[in-house]
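A.B. asks: Pasting a predicted model and its sequence here:
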Amino acid sequence: MKIEQSQYDFLLPNLPLRSSQETVTSRKEICNSCELFKKSIQICGECKCFMPLKWVIKKSICPIEKW
């Protein structure tokens, strides 16, 4: 299931908790190049988080410190 950007905007509107679009893009690129990222289901193999949501949360961190 593909989640559209507008759905993320609904879940996390422009609040201090939301990452900038540049940060989201950077995190996504880093995860897509990571050997632990399960692209087909958009899940991190280390922390088991659903990454499209984690990318937009400002205070979230990569469990293996890539971002």
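C.D. replies: Received, thanks.

A.B. asks: Isn't residue 26 up against residue 67?
C.D. replies: Yes: Residue 26 sits in contact with residue 67 when judged by C-beta atoms under 8 Å, with a separation of 6.8 Å. Backbone N, C-alpha and C define where each C-beta goes, glycine included.

A.B. asks: can you map out the helices along this protein?
C.D. replies: Secondary structure of the chain, counting by DSSP state H: helices at 5-11, 21-32, 51-56.

A.B. asks: Mean pLDDT and distance to residue 45 for the ones you listed - can I get that in CSV?
C.D. replies: Formatted as CSV, the helices of the chain follow (pLDDT from 0 to 100; distance: least, C-beta to C-beta, whole Å):
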stretch, mean pLDDT, distance to residue 45
helix 5-11, 57, 22
helix 21-32, 96, 10
helix 51-56, 93, 10
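
A.B. asks: Save those helices as JSON lines, and put in distance to residue 42 too.
C.D. replies: Formatted as JSON lines, the helices of the chain follow (distance: least, C-beta to C-beta, whole Å):
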{"stretch": "helix 5-11", "distance to residue 42": "12"}
{"stretch": "helix 21-32", "distance to residue 42": "9"}
{"stretch": "helix 51-56", "distance to residue 42": "5"}
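
A.B. asks: if you compare the ones you listed, which one is most tucked away?
C.D. replies: Mean neighbour count (mean count of other C-beta atoms under 10 Å) peaks for helix 51-56 among the helices of the chain, with a mean of 20.

A.B. asks: Now find how far off-centre that helix is within its chain.
C.D. replies: Here helix 51-56 is found 2 Å from its chain centre; the criterion is C-alpha atoms, centre = their mean, to the nearest Å.

A.B. asks: ok so, going back, would you tell me which of the helices of the chain gets closest to residue 38?
C.D. replies: Evaluated over these, closeness to residue 38 peaks at helix 51-56, with 9.0 Å, by C-beta to C-beta.
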